[in-house]
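> sharing a model prediction with you, sequence too.
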Amino acid sequence: DQPVETNSFRYYGYDDEIKFHQQVDYLSTFPTFQGILGNAYIPRFGEIGSRNNRMVSFFGNLAYTFKNRYILTASARKDASNTFGIATNKRWNPLWSVGLGWELSKEKFLSDLDFVDNLKLRSTWGHSGNSGGIGSAEPIISIMAAPSNGLSPDPEGLISSMPYIDLKWEDVRMFNIGLDFHLFNSRLSGSLEYFDKKSTDLLANDPLEPTTGMLSMTRNVANMRGSGFDVSITSRNIQNRFFWTTNFYISMAKDKVTEFYGNEGQAKDILPSRGTNLQPTLNRSLYPVFAFHSKGLDKEGDPLGIYQGEVTKDYQQLTSDSLKNIKYFGSALPRFHGAIRNTFSFRGLTLNVNLVYKFGNYFVNNSISYTNLINGWEGHRDARYRWKNPGDEQLTTIPSLKLPLNSSRDLFYQFSEVLVEPAGLLRIQDINLSVPLRLNKQVGINIFCSVNNVGILWRQNRRGVDPENLSLPSPRSYTCGITFKPNLR
């Protein structure tokens with residue numbers, strides 16, 4: 001069982017010294033500050049929540065080694081959860097995997113290769129399950145106090161999660177094959193691995209027709225296929241009084257939705273996620289980056305788009321268009337990512353520098369929204385480069401400030417293709433220095449300093465922004481310390 005209980009209240013006139021609060025009239029209306037909102041009820045807030053997710057599992061493992069070089073492993077388990085449909089075969093999910101390992105370096109045909117210290121081939125095949133943790137076969141109903149601006153003082157009931165009796169496990173079939181190696185007295189070591197996976201019955205939020213009374217619900221909506229590789233190599237470049245070791249890692253992963261049987265939402269409902277939410281779409285990645293087609297600005301500084309093959313600035317139609325009619329760039333997740341760490345050591349003094357890199361993905365830049373600027377004082381530096389005079393449409397893609405405000409115009413520009421850029425980067429992630437010192441024969445100390453998030457060496461986008469920290473820059477942190485090492489002998 002995983003019971004969760006919540007309990008929260010709001011008190012007015014609370015006195016912390018005597019732990020007492022004042023009673024207020026929730027049933028009458030009172031003037032708001034300077035009459036801005038007329039009369040309103042005093043807001044009241046109180047919440048008591050309870051939910052219990054139940055899950056039961058049975059599992060077993062088996063391992064067998066033959067002649068100290070052939071390895072067989074197997075595992076099986078069966079899981080059940082009360083979050084799924086009422087059918088028993090959907091509540092219970094059988095999972096299994098088998099693996100094979102072969103110690104190649106122990107075979108006679110490799111015994112003459114002196115540079116091979118260890119060589120092992122391995123592979124696994126199996127199925128795993130994902131319950132998502134977000135769905136329910138039963139409706140979830142919330143009972144709430146009457147809102148402060150409501151017409152009735154009676155409590156309200158709200159269906160916060162729609163029932164879906166056919167909800168079932170997300171199944172992930174995974175195959176991988178890898179090679180582990182140690183060569184030249186372990187001066188070169190690492191692993192190579194390839195994987196292929198197929199997921200069926202993906203769990204995701206599926207948009208609903210508005211007349212149902214709900215915007216979305218969790219359902220099994222898609223199947224997907226993915227593959228990739230991982231390479232990890234450690235090289236001991238120099239080994240004497242001066243040591244230099246390099247750790248190199250690279251990973252590639254790609255995925256594509258092969259079947260989609262959910263509901264397709266409107267572009268304006270999908271684009272605000274900027275690819276950061278799971279959004280299954282046929283023949284696209286799981287975290288897709290979309291944008292409206294843009295044709296720049298017109299002579300009045302209005303952004304132009306394409307609707308049904310025609311250039312237009314009917315922003316209501318443009319933002320309500322189907323997802324299949326807007327431009328797809330790629331995944332918000334990097335296709336390739338990895339790290340290179342170099343460690344240098346001399347007489348106990350150690351310095352290591354870690355570089356990370358990511359590329360093969362896209363991001364959507366932040367820019368000015370005049371609706372947010374006027375209504376919420378939320379500005380952006382792009383405003384200074386906006387269209388101001390006829391002819392500026394040749395120099396900028398940032399629209400003019402035009403009154404009255406048009407939120408659909410802002411929405412179209414904020415998610416148009418002119419703001420989408422590749423997110424590749426090379427970053428110095430951290431630098432660490434360690435200096436050992438001996439005070440006397442009994443006590444030694446170690447002084448260490450580290451800098452995290454040192455800076456970006458290269459970025460692929462034209463604006464020079466950090467694609468991983470668009471709203472606020474990621475802070476650089478410094479750490480220094482001393483450790484004492486007494487000799488207790």
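Sure thing, it's come through. Worth saying up front: this structure is predicted, and the values here are computed from it rather than measured.
> would you mind writing the CA trace of stretch 380-398 as CSV?
Output of stretch 380-398 as CSV, limited to C-alpha atoms (Å, rounded to 0.1, in the frame of the first residue of the first chain):
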residue,chain,number,x,y,z
HIS,A,380,11.8,40.7,-22.6
ARG,A,381,14.9,42.2,-24.1
ASP,A,382,13.6,41.4,-27.6
ALA,A,383,11.3,44.3,-27.3
ARG,A,384,14.1,46.7,-28.1
TYR,A,385,14.6,45.0,-31.5
ARG,A,386,10.9,45.0,-32.4
TRP,A,387,9.5,46.4,-35.7
LYS,A,388,9.1,50.2,-35.3
ASN,A,389,9.1,51.7,-38.8
PRO,A,390,8.2,50.6,-42.3
GLY,A,391,11.1,48.7,-43.7
ASP,A,392,12.1,47.1,-40.4
GLU,A,393,10.5,43.9,-41.6
GLN,A,394,13.7,43.4,-43.6
LEU,A,395,15.8,43.6,-40.4
THR,A,396,13.8,41.9,-37.7
THR,A,397,11.3,39.1,-37.1
ILE,A,398,10.0,40.6,-33.8
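> what's that stretch in contact with?
Here stretch 380-398 makes contact (C-beta atoms under 8 Å, 6 or more residues apart in numbering) with 294, 296-299, 301, 303, 366-369, 373, 399-401, 413, 418. (Glycine included, C-beta is placed from N, CA and C.)
> count the neighbours of the closest residue to Arg347 other than its chain neighbours for me.
With sequence-adjacent residues excluded and distances taken as C-beta to C-beta, 6 or more residues apart in numbering, Arg347 is closest to Arg241, at 7.1 Å. Neighbour count of Arg241, defined by other C-beta atoms under 10 Å: 8.
> re the thing from before, write the PyMOL selection for whichever of the contacts of stretch 380-398 are buried.
Only the buried members of those enter the following PyMOL selection, criterion being 16 or more other C-beta atoms under 10 Å:
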select buried, resi 294+297+301+303+366+367+368+369+373+399+400+413+418
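> among the contacts of stretch 380-398, which are in strands?
294, 296-297, 303 (DSSP state E).
> what's the most distant pair in these?
Using C-beta to C-beta, those span at most 9.1 Å, a distance reached by Ser294 and Leu297.
> which neighbours do the two share?
The contact lists of Ser294 and Leu297 share 303-304, 397, where a contact means C-beta under 8 Å, 6+ apart.
> picking up where we left off before, TSV for the ones in strands among the contacts of stretch 380-398, including distance to Leu202 and pLDDT?
Converted to TSV, the ones in strands among the contacts of stretch 380-398 look like this (distance: C-beta to C-beta, whole Å; pLDDT from 0 to 100):
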residue	distance to Leu202	pLDDT
Ser294	31	93
Gly296	37	92
Leu297	40	94
Pro303	35	95
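> got the CA coordinates for stretch 303-320 in CSV?
Extracted C-alpha coordinates of stretch 303-320, given in CSV (Å, rounded to 0.1, in the frame of the first residue of the first chain):
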residue,chain,number,x,y,z
PRO,A,303,3.7,38.3,-38.1
LEU,A,304,2.5,36.3,-41.1
GLY,A,305,1.7,32.6,-41.1
ILE,A,306,0.4,29.9,-43.5
TYR,A,307,-3.1,28.4,-43.2
GLN,A,308,-4.4,25.9,-45.7
GLY,A,309,-1.5,26.9,-48.1
GLU,A,310,-2.3,30.7,-48.0
VAL,A,311,-0.3,33.4,-46.3
THR,A,312,-2.5,35.1,-43.7
LYS,A,313,-2.5,36.9,-40.4
ASP,A,314,-5.8,35.4,-39.2
TYR,A,315,-4.3,34.4,-35.8
GLN,A,316,-7.4,32.7,-34.5
GLN,A,317,-7.3,30.2,-37.4
LEU,A,318,-3.5,29.9,-37.3
THR,A,319,-3.4,29.0,-33.6
SER,A,320,-6.4,26.6,-33.9
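> buried stuff in that stretch?
Residues of stretch 303-320 classed as buried by neighbour count (16+ other C-beta under 10 Å): 303-307, 313, 315, 318-319.
> please apply the same query to stretch 435-450.
Those would be Gly444, for stretch 435-450 by 16+ other C-beta under 10 Å.
> what's that stretch in contact with?
With contacts defined as C-beta under 8 Å, 6+ apart, stretch 435-450 is touched by 348-349, 430-434, 478-487.
> neighbours of Ser111, just the number please.
Using other C-beta under 10 Å, Ser111 is surrounded by 10 other residues.
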